[in-house]
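A.B. asks: how would this look folded up:
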Amino acid sequence: MKPKRYIALTQWIIAVAVLGAIVTAYHRWIHVNPTTVALTLVLYILLLAARMGLRYAVGVSLMAALCYNFYFLPPMGTLTISDPENWLALFAFLATSVVGSRLSQQARDEAELAQARHREVELLLSLSRELLQAEDVVQLLSSLPAILLRVSGTSSVIVYLLEGDRIYQAGLPGPSVENPAQLRQLALSLPDVETTPDGTVRIPLRAGVRPRGLLTLADLELSSESYRAIGGLASIALDRAHALENVARAEANRESERLRTLLLDSITHELRTPLTAIKGAASTLLTNDEVPSEARHELLSIVDEEADRLNRLVGQAVEMAQIEAREVHMNFGPADLGGILSEACGTCGSVLSEHPVTVTLPELPRVLCDPKMIVKVLCNLLENAAKYSAANSPIFVAAERKDTTVLVSVADRGIGIDPAEQDLIFDRLYRARNRTMQTGGTGMGLAISRAIVEAHGNTIAVTSQAGHGSVFTFGLPVAEENA
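C.D. replies: Down below sits the predicted model:
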């Protein structure tokens, strides 16, 4: 016997048994007038309608009317009625029972409908909260089936998108997954929510009036309005994610164009100065054959220095472009930090000629790094320290170990950096306001340094006070503990 039939039979047995108990109690032990019996039976039937439903109440009403006639209306023990007033009482009892049962069932249905609507509103609220958290289409599409499965309690969710014939699924496999062509046809032709004989619900997804895809849910009982609301929420979430992506893409394009313009302007401005010096020195040498040897040597030195400056500017621009394109390949290995510092100071010797450099280097383990790249970072920091400090002011280089990291710092006694700009100086092409008017630069050195340090799994930071100098610190992993 099926469970539903078993439950129904059990309820019928209980309802009839209670009716029999009431009739037996009044007939054998509790002797009252027929009106009291009728009111008791009516009350029982109303309770039955409220608890079990209308069909049980109506069936028991007919049985109660027969029992009331047989046991409590004269002549007793027969189904005949001698007094016409008793006919009226019997029909009043039966009508009261049926009408009361119907009203009780109606109130019960309305309460169940209100509870169902309340659950559906909570479901839609939770679904909207979950869907609106996704910021991009890829994240939304990968999580949409799982969100619907978790929030709604359905056993299977299939999201089909016309764009690219993409299918996303969560839960139990559905039969429609095996036939994408059928899904495409349904997505293009289905006008409204459709429920199949096996209980599968198909909801069209639209962008305005244009079909976008199809949402399939299994083993979920909701109203048609709630199904349409679920489809609308999914479509709105997709539209929102697309809009956010377009805005982000447009913003990225604008930022890229702005940075490209700034880069060209900066490079053009920085290139013009050495080119002007080279052009002037070369023109003087070409047009004047009687230039003294000392002056000739000085002009040739200018050409040589400015050519090196040009080479350095172009090299930084190329290096920055390679870093942005992720085309810089680093060779990591254990390296001695003291050797790296010595090489960096030697490379920047001409820049540091007017500044005493103090290196404090205790006994430290080898670090895991690309030595050439770290030399570039140190050169950038040392050149900035010399460039923005007064002549003969000291520069301090120190290193210390902290857990599994070696911290390297470069300190100067220069002009310092405003606190509001300390987080900005590592951005591409940004130059502090108090530095721009005093000395030249491309604004790429610190950006390149940050990219190199981050490639080593660490960060670079600055602490500074305007007029008192700056301290740049970056970390390198200890080789022994990261081998």
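
A.B. asks: Output the below-cut-off pLDDT ranges for the stretch 51-200 of the chain.
C.D. replies: For the stretch 51-200 of the chain, the stretches with pLDDT under 70 are 81-83, 85-87, 89-90, 134-137, 174-178.

A.B. asks: all strands of it, in order?
C.D. replies: Listed in chain order, the strands of the stretch 51-200 of the chain (DSSP state E, counting those that start in this stretch) span 156-161, 166-171, 194-195.

A.B. asks: Pull up the pairing partners for the first one, direction included.
C.D. replies: Under the criterion DSSP bridges, strand 156-161 sits next to strand 166-171 (antiparallel), strand 210-218 (antiparallel) in its sheet.

A.B. asks: The stretch 251-400 of the chain: helices as residue ranges?
C.D. replies: Residue ranges of the helices in the stretch 251-400 of the chain, as given by DSSP state H, counting those that start in this stretch, are 293-324, 337-347, 371-387.

A.B. asks: Could you list every helix and strand that the longest one packs against?
C.D. replies: Packing partners of helix 293-324 (3 or more CB pairs under 8 Å, 6 or more residues apart in numbering; DSSP states H and E): helix 224-287, helix 445-455. Every residue, glycine included, has its C-beta placed from N, CA and C.

A.B. asks: circling back to that earlier point, so for residue 468, which of the strands paired with strand 156-161 sits nearest?
C.D. replies: With CB to CB as the measure, strand 166-171 is the member of these nearest residue 468 (58.4 Å).

A.B. asks: what's the closest one in contact with?
C.D. replies: Contacts of strand 166-171 with the rest of the structure, by CB atoms under 8 Å, 6 or more residues apart in numbering, involve 141-142, 144-146, 148-149, 154-161, 177, 180, 183, 218.

A.B. asks: residues contacting residue 377?
C.D. replies: Contacts for residue 377 (CB under 8 Å, 6+ apart) come out as 449, 452-453, 460, 474.

A.B. asks: Now residue 375: closest residue in space, sequence neighbours ignored.
C.D. replies: Take residue 375 and drop its neighbours on the chain: the residue closest to it by CB to CB, 6 or more residues apart in numbering is residue 344, 4.8 Å away.

A.B. asks: The one you found is in contact with residue 379, isn't it?
C.D. replies: Yes - A contact is recorded between residue 344 and residue 379 when judged using CB atoms under 8 Å, the distance being 5.4 Å.

A.B. asks: Compare those two and say which one has the larger neighbour count.
C.D. replies: A direct count of neighbours by other CB atoms under 10 Å for residue 344 and residue 379 places residue 344 higher, at 23 against 20.

A.B. asks: What pLDDT does the model give residue 459?
C.D. replies: For residue 459, the model assigns a pLDDT of 90.

A.B. asks: I figured it hits residue 449, correct?
C.D. replies: No - when contacts are counted by CB under 8 Å, residue 459 is not listed as touching residue 449 (11.0 Å).

A.B. asks: Mind checking which of these two has more residues around it?
C.D. replies: Per other CB under 10 Å, whichever of residue 459 and residue 449 has more neighbours is residue 449, with 23 against 12.

A.B. asks: That one: what's it in contact with?
C.D. replies: Applying CB under 8 Å, 6+ apart to residue 449 gives the contacts 376-377, 380-381, 426, 460, 474.

A.B. asks: ChimeraX command to pick out the buried ones of these?
C.D. replies: What follows is the ChimeraX syntax selecting those of these that are buried according to 16 or more other CB atoms under 10 Å:
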select :376,377,380,381,426,460,474
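
A.B. asks: just curious, which of the contacts of residue 449 is nearest to residue 100?
C.D. replies: Within the set of those, residue 426 lies nearest residue 100; the separation is 80.6 Å, counting by CB to CB.

A.B. asks: does the closest one sit in a helix, a strand or a coil?
C.D. replies: Following DSSP: H, G, I helix; E, B strand; the rest coil, residue 426 is assigned to coil.

A.B. asks: shouldn't it be in contact with residue 460?
C.D. replies: Yes - using CB under 8 Å, residue 426 is in contact with residue 460, at 7.0 Å.

A.B. asks: Identify the contacts common to these two.
C.D. replies: Taking CB under 8 Å, 6+ apart as the contact rule, residue 426 and residue 460 both touch 446, 449-450.

A.B. asks: Switch those over to JSON lines; also include distance to residue 195 and pLDDT.
C.D. replies: Supplementary listing: these in JSON lines, determined by distance: CB to CB, whole Å; pLDDT from 0 to 100:
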{"residue": "446", "distance to residue 195": "63", "pLDDT": "84"}
{"residue": "449", "distance to residue 195": "63", "pLDDT": "87"}
{"residue": "450", "distance to residue 195": "58", "pLDDT": "87"}
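
A.B. asks: of those, closest to residue 253?
C.D. replies: Distance to residue 253, by CB to CB, is smallest for residue 450 among those, at 23.5 Å.

A.B. asks: Show me how the protein divides into domains.
C.D. replies: Using automatic domain parsing, the domain ranges for the chain come out as 3-122, 125-247, 256-324, 333-477.

A.B. asks: who's in contact with the closest residue to residue 379 other than its chain neighbours?
C.D. replies: Closest residue to residue 379 apart from its sequence neighbours, by CB to CB, 6+ apart: residue 348 at 5.0 Å. For residue 348, the set of contacting residues under the criterion of CB under 8 Å, 6+ apart consists of 378-379, 382-383, 386.
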